[in-house]
Structure formats: C-alpha cells, structure tokens
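Undergrad: Just the structure for this:
(chains A and B)
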Number of protein chains: 2
Amino acid sequence: MTQPKTLEQLLAPTGDPAWVLIEEGFDPLRETSVESRFAISNGFLGVRGVRATTRGTRWVAPARTYVAGLFDTPDTTYATPGLVPAADWLQIRLLVNGEPLVQHPGEVRSHRMTLDLRRGALLSESSGLTRADLNVHLKTLRLVSMSERALGLQLIEMTVEAGVVDVTVEASFEGVGLGLLSDRLDQDLGVWHTAHSGKGLAMATAAALQIDGRDVPATALGPFKLTWSWTTQPGQAVSFQRSVAIARGDVKDVDPGHEARDQLDRGQRIGWRGVLVAHEAAWSSRWQRSDVTVEGDAKAQKALRFALYHLNSAANPGDERVSIGARALTGDDYRGHVFWDTEIFLLPFYTLTWPEAARALLMYRFHTLDAARAKATGMGYRGAFYAWESADTGDEMTPTQAVGPDRKIIKILCGTQEQHISADVAYAVWYYWQATGDEAFLLDAGAEIVLETGRFWASRAQPEADGLCHIRGVIGPDEYHEHIDDNAFTNVMARWTIRRALDVAALLRKHWPDRWASLAQRLKLNEVELKQWQNVADVIATGLDPTTGLFEQFAGYFALEDIDLALYAGRSVPMDVVLGRERTQQSQVVKQADVVALLGLLPEEFAGTSGVANFRYYDQRCSHGSSLSRAMHGLAAARLGQSDVALRYFLETADIDLSDTKVAIDGGVHIAALGGIWMVAVFGFGGLTIRDDGIAIDPHLPASWLRLAFSLQWRRSHLKVRIEQARTLIEATLESGEPMTIFIGGEPYELRPGSPVRRSAEAALN
Amino acid sequence: MTQPKTLEQLLAPTGDPAWVLIEEGFDPLRETSVESRFAISNGFLGVRGVRATTRGTRWVAPARTYVAGLFDTPDTTYATPGLVPAADWLQIRLLVNGEPLVQHPGEVRSHRMTLDLRRGALLSESSGLTRADLNVHLKTLRLVSMSERALGLQLIEMTVEAGVVDVTVEASFEGVGLGLLSDRLDQDLGVWHTAHSGKGLAMATAAALQIDGRDVPATALGPFKLTWSWTTQPGQAVSFQRSVAIARGDVKDVDPGHEARDQLDRGQRIGWRGVLVAHEAAWSSRWQRSDVTVEGDAKAQKALRFALYHLNSAANPGDERVSIGARALTGDDYRGHVFWDTEIFLLPFYTLTWPEAARALLMYRFHTLDAARAKATGMGYRGAFYAWESADTGDEMTPTQAVGPDRKIIKILCGTQEQHISADVAYAVWYYWQATGDEAFLLDAGAEIVLETGRFWASRAQPEADGLCHIRGVIGPDEYHEHIDDNAFTNVMARWTIRRALDVAALLRKHWPDRWASLAQRLKLNEVELKQWQNVADVIATGLDPTTGLFEQFAGYFALEDIDLALYAGRSVPMDVVLGRERTQQSQVVKQADVVALLGLLPEEFAGTSGVANFRYYDQRCSHGSSLSRAMHGLAAARLGQSDVALRYFLETADIDLSDTKVAIDGGVHIAALGGIWMVAVFGFGGLTIRDDGIAIDPHLPASWLRLAFSLQWRRSHLKVRIEQARTLIEATLESGEPMTIFIGGEPYELRPGSPVRRSAEAALN
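TA: Reported below is the predicted structural model:
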C-alpha cells in the first residue's frame, strides 16, 4: 500500500508542462479573462478562477460560483431568465490586528496560479504577503468534485516565514443572498429560493484549521463566517480545509437544505483526503476515455488538453434537466442559455467519449419537447420547434433586442427565425443513436424527438407553384442575412431530418411494432402524414446548382454585392460592424460557416468535387464573425486534405480562449469552439467517420504532427486510434468491449481484443 | 405679495415644451442613457437620473451621487484615482405588509420623467402603483441647489386613489460606505474618509412626512433609515420632504461632519420652500445671463437649451480646487478626469457668460501648476507640462494601457505625448483675460501660467540643422497618429503660447513693474531666456505650404495612404476599428479636428483663402472618431459661410447626447460637445469675435434660423445680441455695465445704456 501523500505533495501541481496552465503575477486588464480560462467545473458547479485571498473591498470582477439549472429573472435589465450565482464560498482573509494583510493583488510580491488539467484542480502559490512584522507563504488548492458533484473543496497551507504577531484567519462566504431570497441562514447552512422561478438553493459548509498539526478551535461569527486567532511563530505550518456541499431544489416547498447537509456529511465521513482521491480518480478515468495526444506540435497539444479539460468539466451525466450553456459554467455571457452549440459542437465529443453525458444532454431536449411543441403550435406549425436560446423550461429565451457593438439598439430575430435548431437537435439524436445503439434512449426519447422535428419541417416547408417546397423567412447559421428564403443549410438539414424521421418510423415499425403503435397513436401519426413527409423531402428546394456543384446559400445570395474580404485584412471587428448592418445584409459577406457547416455535418450531400468547390467559394467570403466558424472551416478543410488551412483554423480557434492578444473571454470560455477543436483533430485530421457498421479512418495529419492518438467508444467497444505521420501508419486497438469493424481506405478490418489493426496509411489509401 | 405656490404647482413642470425633456415608460436598454441625460448637478453635486422609487433588489445601474473633487483609488482595476460616489440619498420604498409595492419599473402602469431645464429640477409622475387593495399616484421632484451647493432636496406627493391598507414609507440611503471607510454613522449624519487620498465626506439629512397636512412621527431604524406607517384612506394626500447636505473634507483630521450639519441646519431654517425658491432664482439668473434663443428651428433650440442646462449645471464658481471632468458630474466615464475639453470647449462659454465660474476653473489649473512643473522637469523640459488627464492633484492620471473596442490591450501614450494641453490651458487663460480684463487674476495666477507654459514650449521645441525649431514625438488632437513630428496644431499653438508669454512679460513690465520683478525673480526669468523664447517662436516649423496655403498636419502626413472615407459610409464604428490601428496610422484618416481645430481657435493664422482650402482638405479626411470633432468642424464651416455644413455638424453634435439612435451615454453626457454646440451657435452662426477693444459680429445664420439671440458679458458690460435673418438685422443692447464698442462689418459702433445698435447685416457686410 502506498503512503498517503503529504499536504505539500497534494498542493504541488502536475509537473509535466503539457498538463498545466500557469499565470504569474497580476494584470488587471487581463484578470477577468484569466478567471474564465482558469475556471473549475464538474457540470453541476462552476467556479471562476477568482483569487480567494488578499482581496480588497472591491474587486476587478465579482467571484462567481454557478449552479447548473439555477435560473431566475433576477433584475429588470432582462425579461428573460439567466443563471443566478450562488454565494462565493472561497473567501478568506488574513488579518493582522484586525486589518487585512494585503489590500490588493498588485501588492503581492509573487503570485502563481496553476490550472492542473490532469487533476481538475486550481492551485496557487504566493509569497510576499509581507509587512515589516510578518512574512507568510501561501499555497492553495480548490476543486469541485468530479465524483460527488455537490461537493467543493478548498485547501490552504500557510507557512510563517518570519514574524511574531497576533493574526486572525477569517473564512467567510461573499455575496450571500445576491439575487436570491433567503429562507434560513444558520452558521453552516443557508437555504434560499429564487424570486420568480421557484427554484431552491442550499449551501452547507464546514471548515477546520490546524497549526503544526493541532486543531485550533474556531470562533463562529454568524452565517458562514468563522475565524481562528493566534500568535504566529516563525516556521509555523498552518493548514486550512473548507468543504462546501450545494443542492439545487427544483420542487417548490421541498427544502434542499437536507440534501446539502447529507452531501456535506458524506464528504466529511470520507474526509477531505478521500474527496480529493475520488475526484482525481474520476478525472483520471475521464482522461483515459477522452485524451487526444499530438506529438510534434506542443501548441496544438496544449490547445487540445485545454479543450478536453473544459469539455470534461462542462457535462453532468447525472442531471437530465440541464444542458450546457454557450459559456458552460465559466462566465455570465449569454446568461447560461443553451444554443445549437451543444448539439453540433459538443455532442460529437460526448457521444464518442462519454455517452452517459451525451444521453443526459439529449434527455434535456426530450424534457423540453413540450415547450418546443408549444412554440411550433404558437407559430402555426406542427411538431417541435426548439428554442433558439433555451434555459430550464425550454421556452424561447432569445431577447428581442440588444445593444450592438456600435451602441445602437438592434432587433434580434433569431428566436423566431433561426429555425435550423430543430434539425440540429435531431442530428445530434441520430448521431448518438448511430454511435451508441442505445435502444432504450431511442424508444424512450430519441424517436419522439426525431419524429416531432421531422414533422415540424414537413409542416414548415410549403409547396409552391414551381412544384418545389420552400422554407421562407429564416436565418441560417450566417446571422448577417435575416428573413431569407431557402437557406441551403436549413433546407438540406430539414430534408435530412424528415428522412431520418421516416427512418425512425420504419425502424420502430420493424423492430418494436408495439412501441410504434403506441407512439404513433399518441402523436396522432398516420400513413397519410408520413407520405406527405416523403413528398416534402422529395421536392424541397436546396439551392444546389448541378452545373457548378455550388449550393447557393439562400435564394438570391449570388446576386448580392461581392466584397473582397482581403481588402479588410486590418480590421479588428466583425464585418457587419465595418460595413454597417444594412450594407452587410446586401452583400455576400458571410458571418460564419453556413454552407461550409453543411459540408461539415453532411459531407455525403456533396458529390464528387463539389465539396472542394463549395469550400473554395465560401471560404473566401466568410468573415468568421462567430467563435463557432473557424472550427467548422478547419474540419471541412482537413477532410478535403487541405491540412495547412485546417491547422491555421485549428490554431486560430484555440486562440479564442487561450491567447492573450484579445481579452475577449471575460464572460466565460467558448465551450463550442473548444468542442470544435476536438472535432478538427479527430474528425478532420484523424479522419474519423461513424458508420452504421463500424467506424472509418481517413487521416490527413498536418506536416508538423508526427503522431496523433485518440480514444473513442463505438457502441459497446472502447478503442484507441493512433496515426503516425512518418511511418504513415494507422493503428487501432480495442481496449475493451466487443469486436467491431474499422474501415481504412474503404477496406473493412475486424478489430478484436488483443489483436490491434495496423495498416500503412499509404497502402490503405492507394 | 404673491401667494406661495401650492405643492401641486411646485411639482408641475414648466409648461413650455422648449424648456423640458420628457421620458415616458421604461426601456431597460435605454435606461442608463436616460439617467445620464436627466442628471441634475450644481457643479459640486451631481445626481444621475435614476428613479428613486419602485426599485427591486437589483437595478439596471447603481444610483450615483457624485461629489466634485472626491477622488480616490477605490479598487484594483485602475491604479489611478477616480471619483468615488457618495451614498444615494434618494432611496424610497413603499411597503404594504412589509413587502415592497412594486418590484420593478416595467410593472408601473405609467411613468413620466421630466427634466425641467428652466428650473434645474427633475420631476416625475407615475400612476398604477397598484395592487388589488391599493392604488396610489406619485409626483416627485429632486434638485441640488444652485444657490447653496451643499444642499439637495427631494419632494414627493402621494395621492391615495383607492385602498384601505397598512402601508409603510421607508426612506433610506443606498450604498452607504461603498468605496469609502466610515468614521461615524449616526441616525442623520455620516462621516467617511477615502481609503487612500485622505479626503473626507459628510452627509447630513432630515426628512418629514405629512398626511393631509398633519405631521406623522417617524420611526428611526438606524443610519439614514426612517419609516412612517399608517392606514391609507382614499383621497389621502401624503407629502414627503427630504433634505441632504454634503460636505467634502480636503484636510485630513478635519471632520467635515460639522459643515454638513451646519449646511443642513441653514437649509432647515429657511425651509424646503425657501431652498426651492432660492434655487429657482439662481437658475433664473443663469438663464438671464446665458440663454440662447433660436426661432425657426425647434430642434436646434432644444439642443441649445439642453446644452446650456448641463453647462450651467457643471460649474461651481465657489471651488477653485476642482475642474469639470469629461462627463461633468453625470457619469463614470473617464472617472471624473479633466482634459483639454474644459479649456477649449467649455471655457469660452463660461468666460463670456459666467466669468466667476471661468475664473474658478482656471484657478484649478493655477493650483495644479506645481504638478505641471514637476511633470515637465521629470521629462527633461522646463516650465509647465499639464497632465493630459488631471484629477485633484494635477498629477498625470492617464492610464498607460486600456482595452480597445476589439478587446485587445492597447498602449496609451497620451499622458506623455499629447502635449498640446499646455498650450490649450494658456489659450483659455489669455482668452479669459482678453474678455474680462480681470487684472487680479492675471497678476495672481494667469501670468504665471502663461509664462510657465510658454517656457515649456520654448524648451520643448529644439533647433535643428535646417535652422528651424522642431517638436518631435507628440500626439496632436488627432490621436490616430502617435509619436509624430511637428504637428501643425501643436507647433502653431506652441508658437502662439510663447508669443503670449512674451506679451504677458511686456504687459507686466509696463503696467505692474514690481509684480513683474518679483515674478521674474521667483521664476528665474531673465532677458536671455525671453530672447531665446522669441527666437524659438520666430523659427518654429509649422508645416505651412505657402503655395497651397495648406498646413501639413504633421511631417510626412501628405505622403500617407489617402483613403476615401465615402467608401466606408455604412460603418458603425470608428475608422481605426474598421481599418485596424496599424493601417489607420499609415493613412491620412484623421480621428478628429486637428488642423481644423487650429482654424477654429486661431483663425488669424489662416491668411486669405487658406482657411477654405484647409477646411476642404481635412473635412474630407476627418472620420470624427471623437465627440469633440464635429463641433469644431461646425464652427469652422459656419465662419467660412458654409452654414448648411455647419448646421449638419451642429445637429450631429446635439445627437450625441440627445438622440436615441445610439445608447452611448451610459457613462455621462459629453459636456465638451455641449460646449461645442454653444460655440457653433454663438461663434459660428452668430459670428462673435472677442477683440481687445470690444466685440465683433459677423453672422451667418442657417437658412432655417429666422432669429438668433444670445447674451454675453465683455469686461464689465452685459449685452444682448439679436440677429434676424429675414430683415438681415443685427441688434446689440447693453443691458447693464459700461459703454463699449461693437464691430459690425468691420465698423465700430458705440454701445451705450438705453441706446441699442441696430444695423442691417447686408449694409454692414457690404
């Protein structure tokens, strides 16, 4: 049996630089970006990387602990719900004669913050908390547990280097009750409810402090406030541990305080070391299932690890009532609302490395299906039209106006017009079903989502005199063009959704006729309607020009002003700001991957060389005014063999959250862009395709990538794929589970336990 | 003797729509702009137009009461001082059974806020504070006194329209101690000090409530919190009055609490009606001295009244230790810092309509002269180099970096390079001296400022091999071009400053030889140095091309890329954002009036038609990326007879703060742009010029302006000028003071009491 680690060892970050992010010192202009980047989360709780110690009366930005699903309408600025932060449970102060030792972080001599990606923990070390009469050295660790998601843990080790003075350590919560109404505030337990949404929140806490290994009794000063006072001696080692347990209450009049206290008690029983060990084991397991390694490109490796860290942090397989907001639980932007980002940019990762998490995210869409049905009905359509911005209820949360970058008030039409969301959800459901073969999910939820979204599209596309069905008055992924007709992305995805709905109907009828009978009855689905779906799918307009192979992004797009984006290379803001909204709307300038996104999602819709033709046309016209855009272009470019272009997009996407040239991530990390990084690496460079009968690999590594390896799960098989550039070798190993088929260069190979498949890529591809 | 007005009359705004600004209802996106626009101020106190009633737990923006000169470094975001807000003394809530009656303003049935420009008061009227069991109607008034600047007054009249319920009115302060450390908090008096700057603040308050004319006793619930409880009856008339007195302490260990209490007592002795009457009389007097009327253009008239309201609100003749920040006391932008805005865009108005206020503002520059000398010395120059951003001490407060509109961190070089500030201050001093003949000011302060700034420029401009003196490495008003050489604006203003310094020396030597002797001795000024100044002024490079009459904005400017701004007409952001900073720096795109500003300030430097030539050249290249720019172009255009162009600039300048197409004024009104509006009207359209021997009038009214009238003071003469378009008549009336000369069409006319000068403009101009 191994010796338990010392506190010193536990407070030391992972040594390998590929596994850590480090921030030295204090830079007020960058501080809020760093707080996003260094956030910790477990999909239930999210804590921004705000310092816990040495804080003055005011701070650059308030500390934030988010609780997934804790939505309310806390103020009058917005009429729509947003995440309400819980109290910051990490606040700690060191007082000398009642005065805080350090007023602000600029005065600390040295401060290093380390995000330990491998262990899922934020560590810090600072020295120079110094006065003439005292000098201390501090190390800290914080985590929110990956194994017990209700739990948070804070550890501090303080070494007195010099000084004999009377000090007090004060541990408290900050922002107690901010935006919440309190039901009770005991010494170690608080229970609140939201003002409007009827949600509850409970926080329970316990803390202890030892000097040279001996417990020091605390003085309780009211809710969540404890102090410890003593006289320092040089060489003193002071340890501090604080636990928090947080529970969300979804049912009115059920007190979440009991659950919080139970969770805290459970954590106390196994002790903080036990909590830490279980947390690290859970992270280790996540890395085992999801790690992607790159040799030859340290920057790409760091970008992937950072992306995987936040992706693994963002999901919670245990909660079907929440999904992942546009900034996950790392910041205030978009107020925790869920977009197509989750289904298109995040679900692929979860589906292939963490199907339990993917399932919970898709169940969120099932639980909000009634709201989607109500939205469709309210607008005169059938089936399910999902909210463009979704919170806890699934009701439409998109604001109808906002302040633009030029400080003008602009109307936002996405809530009614950005309808492709209903195809995106179906896409993710089908993809999950294909990759996992999860029959229970299909029968309980997935089939109904696909049928109801297919039905939506069949009612949405209307036959016209030209014999085609048209979808008029939408916004595609390219939000620069509003109220357009026959958006290629929307229409082709709609057709695809209708066809999958027909597939689902056939599948159920064949394999689960009873289930089909009851579902068809409940949904009032009959043969006549299925026939009508088929008709719509057969004649829907797509904008495809058969001579050039180009999809026209929407009706009339090719006639718009063609602007050479190269002339605007110096610009530092999006093109709609450069040109003004009106001129942009009358131009071919594209905000973000639209036809290219279609190429990314449904490459089979692009016959022969039309993928190349469409990519060339739209790549020149895309201004990448969304953080989602470049990853989709990178994915498409990699699949087309344009590895250099793809790598540039990959690295530019990584820069969104990792680079310091912009301080753009105050509001949280761009979790969909991080999902996109994984997609470019695995789908693009790795060339992975999911098939009904296995997986296929068709890699295109960038020249600098000597080796790429990734793990994935297909149905009940866990496998690892390794691609070597120099030896042009593809190796797939079945790590556990059932035998399966892997296609390399179109050829099927049986993958069996203990018998990896190794193929020279060149041989396979020729 | 007239009957005292009823409360109802007092709470009714001025009826004439030209004297009021009205805002109906609630629009969260525009709320903070409205709060800036509807701010009240008296130059010592400034209160944003935040609603005092019906507020929920959180608000769009915090309420703000600013105290001029109360600077501190309250948080860690900025290393430089900013204004610290005082507590919001206007908070009021109506509770029914302990629950606030209205949670947020969107729920109020009707709400109208009226800024009464004539009376300097903010009024509101709302109805529909309604529950099933209660219906009340509210009228409110707030002011900060123009006659006793320490005093604020709040009046509320509440009429119970229906309901018999137990209610409580709760009057409190909000944000007590925010950013300030409290020394004492009594029931009705609070004393605080700033954390770092050693300033003090005291607030004393008194409040009373009557029902149907009978006083109701209050319950005191702790510092600044009083409640009144009773049972409502239909028809009840409830009156509420609250006074506040605020004192700033500049000397450490002197308690400002006594002064606040004395001021409050004085207000209590004359009563709230007395305070209101004195305030209105003071405003009436300000309008008498400064009003500008336009007939034929209601929009222009409203813009002028709005500008004059904020200009008269912003100054305080009684405080020489403060100046006017870039947003006056109406918002947080620029943290209360003082720029060249004050001297160039505000002083003309104050000098000619309120010389006592102008004098105090210039004395602020005198009191910060030592800091300017220290800054010059620290950079290796002589004389006085004023801070580009100045707070209470006069030390340089310009941040060295900031986050740009593209979220990149940019370096800010203005603090060291935007040196023209030292000429701008001298310009305002000389202009004041010319217009007022205030000998005491000249001898006590003005001469020293002009001499020390002249000395700065004489040391700053260095002789080079070409025989000329050059000023290298500066930023002109056009901040798109940094570290440039021989900026025409800077160099010509520098030459002008040196020459005025020589004039001052000659003047003092001639009229006040003793004063000159002592000043020269103290400043260690001798003949040799004066001679050197003369030499520098004689040979300073100016960039004037004698063949074209064009000033080159700086050395090398004409060789930069010439970009046609018309191609970017749709843009919604500044040109440096469109093109990127680097390309902009390499282009002739101008941020704001630079050579045109020189034309505005020193038209005598533009011989013959060179004014027209320069205006034409730079007007095409100016992108107006600053709120200061258009007014200067409007002034120049009007003087050149281009009234249509000038009127467009006038109206666009007015739109900055008055229009709702942009919600850009969260951070306060653009007080310099408002000063610019007055300048375009009086100097531009009115054609007023100040001369050493009188004033000259050369008007160019826009076609739509039927009549323009304005008041001004020249030396000891108060006069009124009226210009009629239709009858092309100029009329000047001496309202009080000494006879003086007025020049019309170059001809002098004696203006005497009771004998106005009337001239047909055509006759005069031909």
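Undergrad: which ones are touching A:Asp212?
TA: By CB atoms under 8 Å, 6 or more residues apart in numbering or on different chains, the residues touching A:Asp212 are A:236-237. Glycine gets a C-beta too; all of them are placed from N, C-alpha and C.
Undergrad: do the same with A:Leu123
TA: By CB under 8 Å, 6+ apart, the contact set of A:Leu123 is A:11-13, A:113-116, A:139-141.
Undergrad: Beyond the top helix by length along chain A, next helix or strand please.
TA: If you go by DSSP state H, chain A has its longest helix at helix A:257-290. With elements assigned by DSSP states H and E, the helix or strand that comes after helix A:257-290 is strand A:292-295.
Undergrad: ok, that next one: who's next to it in the sheet?
TA: For strand A:292-295, sheet partners with direction are given as strand A:707-714 (antiparallel), following DSSP bridges.
Undergrad: For the partner strand, give me every contacting residue.
TA: Residues contacting strand A:707-714 (CB under 8 Å, 6+ apart): A:288-296, A:352-353, A:355, A:435-436, A:681-682, A:685-686, A:688, A:690, A:694-695, A:699, A:701, A:718-725, A:735, A:737, A:740.
Undergrad: Filter the residues you listed down to the buried ones.
TA: Those of the contacts of strand A:707-714 that meet the buried threshold are A:289-292, A:294-296, A:352-353, A:355, A:435-436, A:681-682, A:685-686, A:688, A:690, A:694-695, A:699, A:701, A:718-725, A:740, by 16 or more other CB atoms under 10 Å in any protein chain shown.
Undergrad: What separation do you get for the closest residue to A:Gly549 other than its chain neighbours and chain B?
TA: Excluding its sequence neighbours, the residue lying closest to A:Gly549 (CB to CB, 6 or more residues apart in numbering or on different chains) is A:Ser610, at 3.0 Å. As judged by CB to the nearest CB, to the nearest Å, A:Ser610 and chain B stand 34 Å apart.
Undergrad: And for chain A, the residue most distant from the center?
TA: A:Val164 (48.5 Å; CA atoms, centre = their mean).
Undergrad: Please confirm that that residue is located within a helix.
TA: No: assessed with DSSP: H, G, I helix; E, B strand; the rest coil, A:Val164 is coil; it does not lie in a helix.
Undergrad: A:Gln620 reaches A:Leu565, doesn't it?
TA: Yes: counting by CB atoms under 8 Å, A:Gln620 does reach A:Leu565; the two are 6.8 Å apart.
Undergrad: Neighbour count: the two, which is higher?
TA: A:Leu565 (18 against 13; other CB atoms under 10 Å in any protein chain shown).
Undergrad: Quick one: residues contacting the more buried one.
TA: Residues in contact with A:Leu565 (CB under 8 Å, 6+ apart) are A:575, A:589, A:620-621, A:623.
Undergrad: Any figure for the gap between the closest residue to A:Gly249 other than its chain neighbours and chain B?
TA: Nearest residue to A:Gly249, sequence neighbours excluded (CB to CB, 6+ apart): A:Gly200, at 2.6 Å. Per CB to the nearest CB, A:Gly200 is found 17 Å from chain B.
Undergrad: Across the sheet, point out what pairs with A:Gly200.
TA: Bridge pairing for A:Gly200 - DSSP bridges - gives A:His193, A:Gly249.
Undergrad: these two touch, right, it and A:Glu259?
TA: No: assessed by CB under 8 Å, A:Gly200 is found out of contact with A:Glu259, at 9.7 Å.
Undergrad: shared neighbours, these two?
TA: A:247, A:249.
Undergrad: quick one: which of these two has more around it?
TA: Taking other CB under 10 Å, A:Gly200 and A:Glu259 do not tie; A:Gly200 has more neighbours (24 against 19).
Undergrad: For the contacts of A:Leu123, give me TSV that also has neighbour count, pLDDT and secondary structure.
TA: Converted to TSV, these look like this (neighbours: other CB atoms under 10 Å in any protein chain shown; pLDDT from 0 to 100; DSSP: H, G, I helix; E, B strand; the rest coil):
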residue	neighbour count	pLDDT	secondary structure
A:Leu11	20	92	coil
A:Ala12	16	92	coil
A:Pro13	23	92	coil
A:Met113	22	93	strand
A:Thr114	21	96	strand
A:Leu115	24	97	strand
A:Asp116	21	98	strand
A:Lys139	20	93	strand
A:Thr140	22	93	strand
A:Leu141	23	96	strand
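Undergrad: Cheers, nothing more for now.
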